[in-house]
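> Sharing a model prediction with you, sequence too.
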Amino acid sequence: MSSLKGRDFLTINDFTKEELTLILETSRALKLEAKRGVFEPILKQKAIGLLFDQPSTRTRISFEVGIQQMGGIVLYLRPDEIHLGKKESLYDTAKVLERFLDAIVIRWNDQQMVDELAKHADIPVINAMTNVYHPLQALADFLTIHEKFGTFKGLKMTFFGPPSETVSRSAAIMSSKLGLHFCACCPKQYFLPQEYIDELNANNELSGGMFTQTDDINEATAGCHIVHTDVWWWYFSEEDEIKERKAASIPYQVTAEVLAKCDKNVIFQHCLPATRGFEVTDEVMDGPHSVVFDEAENRLHTEKAVLSLIL
């Protein structure tokens, strides 16, 4: 329980396969205890600050509930309540916060700012989502996968639609660390850049994982065990490209027909919130293959595991 003590949690790439496995095993243990109504005060009198620059349902609620279940003290701070990068240097804010808090959980749309905060603060900083990574979601995704399949060995995950710099990237890195086959299925014009692929392949060489990308749905679904997607609306923010991007992406909507091409035991994952009828249909969201609400619950247990291990 002490090997991760004092560490930041900024990206999946900062952790080894063994360390990620430890986090997932701890998540399972804490989940079992919670189901039995057992809540050890692991964080008794520990103060954790939540710094969010945008509204949140799952992230905020899961952290607030989890911290309180473990006996900790939680403070939720909005941008208008803290001088993060405004009126005060980021360095000064970090040094002040470390005097009051035992850890900082930050959801900020600027990875560089989160990295700088972690550099200056002498307490652990946890990335609760930036414009580049969403490592906590990846933990919940993979805890859910293990619950459904009992292993990661031999599994293939396919992400449908324009791959984002947050959810899909962290899921791809997690796959490469744990030895899964990660396939990105999207229009060719939105294929991932080589630097992104190099990052994954470096991990795959050690884990035995694989990365592929294709615009062919039949290729993407062949032998697929996990179908994953994310909200697409963020990708259509450029006014002059909206029509083009929508037209190119809609054929990659996750439908029942897509799932029927996959392994018979395929599961469907989505980080939520989902735009029903856009990147995924109601039939899939509410169907027998959907595990989206299991994922949502597992945010609670995996976040508790991260906090318990680093504090």
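Cool, the structure landed.

> When you work out contacts or count neighbours from here on, use the C-alpha atoms and nothing else.
OK.

> pLDDT below threshold where in this structure?
1-2, 164, 233-242 (pLDDT under 70).

> which residue lies farthest from the center of it?
Farthest-out residue of the chain from its mean C-alpha position, per Cα atoms, centre = their mean: K87, at 31.4 Å.

> Which parts of the stretch 1-150 of the chain are strands?
Assigned by DSSP state E, counting those that start in this stretch, the strands in the stretch 1-150 of the chain fall at 47-52, 73-77, 103-107, 125-129.

> Pull out the buried positions in the last one.
With burial defined by 16 or more other Cα atoms under 10 Å, the residues of strand 125-129 counted as buried are 125-129.

> mind saving the C-alpha coords of that strand as CSV?
The C-alpha trace of strand 125-129 is given here as CSV (Å, rounded to 0.1, in the frame of the first residue of the first chain):
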residue,chain,number,x,y,z
VAL,A,125,-1.9,16.2,-7.5
ILE,A,126,-4.5,14.0,-9.2
ASN,A,127,-5.6,14.8,-12.8
ALA,A,128,-9.4,14.5,-12.9
MET,A,129,-9.4,15.4,-16.6
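
> between it and strand 47-52, how big is the angle?
If you take axes from the mean of the first three to the mean of the last three Cα atoms, to 10 degrees, strand 125-129 sits at 30 degrees to strand 47-52.

> Could you do the second one as well?
For strand 73-77 against strand 47-52, the angle between stretch directions is 20 degrees (the same axes, to 10 degrees).

> in strand 73-77, what counts as buried?
Using 16+ other Cα under 10 Å as the test for burial, strand 73-77 gives 73-74.

> picking that back up, now the buried residues of strand 125-129 in JSON lines, with distance to L180?
Below are the buried residues of strand 125-129 laid out as JSON lines (distance: Cα to Cα, whole Å):
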{"residue": "V125", "distance to L180": "28"}
{"residue": "I126", "distance to L180": "25"}
{"residue": "N127", "distance to L180": "24"}
{"residue": "A128", "distance to L180": "24"}
{"residue": "M129", "distance to L180": "23"}
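
> How about residues contacting stretch 215-233?
Stretch 215-233 is contacted from outside by 145, 155-162, 164, 167-168, 183-188, 214, 252, 254, 258-259, 261-263, 265-275, 278-279, using Cα atoms under 8 Å, 6 or more residues apart in numbering.

> May I have the residues that are in contact with the residue nearest the centre of the chain?
Central residue of the chain (Cα atoms, centre = their mean): Q137, 2.2 Å from the mean position. Q137 makes contacts with 167, 170, 271, 299, as judged by Cα under 8 Å, 6+ apart.

> Closest one of those to L101?
R299 (22.2 Å; Cα to Cα).

> all helices in the stretch 51-200 of the chain, in order from the N-terminus.
58-69, 90-100, 111-120, 135-149, 167-178, 194-207 (DSSP state H, counting those that start in this stretch).

> Quick one, which of those gets closest to R36.
helix 58-69 (13.1 Å).

> May I have the closest one as CSV, with CA atoms only?
Extracted in CSV, the C-alpha atoms of helix 58-69 (Å, rounded to 0.1, in the frame of the first residue of the first chain):
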residue,chain,number,x,y,z
ARG,A,58,-19.6,11.8,-12.1
THR,A,59,-16.2,13.2,-11.1
ARG,A,60,-17.3,15.6,-8.5
ILE,A,61,-19.9,13.3,-6.9
SER,A,62,-17.7,10.3,-6.9
PHE,A,63,-14.8,12.2,-5.3
GLU,A,64,-16.9,13.9,-2.7
VAL,A,65,-18.7,10.7,-1.7
GLY,A,66,-15.5,8.6,-1.8
ILE,A,67,-13.4,11.0,0.3
GLN,A,68,-16.2,11.2,2.9
GLN,A,69,-16.6,7.4,3.0
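
> Please enumerate residues in contact with that helix?
Here helix 58-69 makes contact (Cα under 8 Å, 6+ apart) with 39-41, 43, 48, 50, 73-74, 128, 296, 299-301, 303-304.

> what angle do that helix and strand 103-107 make?
160 degrees.

> still on that earlier bit, using JSON lines, lay out the strands of the stretch 1-150 of the chain together with distance to L192.
Formatted as JSON lines, the strands of the stretch 1-150 of the chain follow (distance: least, Cα to Cα, whole Å):
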{"stretch": "strand 47-52", "distance to L192": "28"}
{"stretch": "strand 73-77", "distance to L192": "35"}
{"stretch": "strand 103-107", "distance to L192": "24"}
{"stretch": "strand 125-129", "distance to L192": "20"}
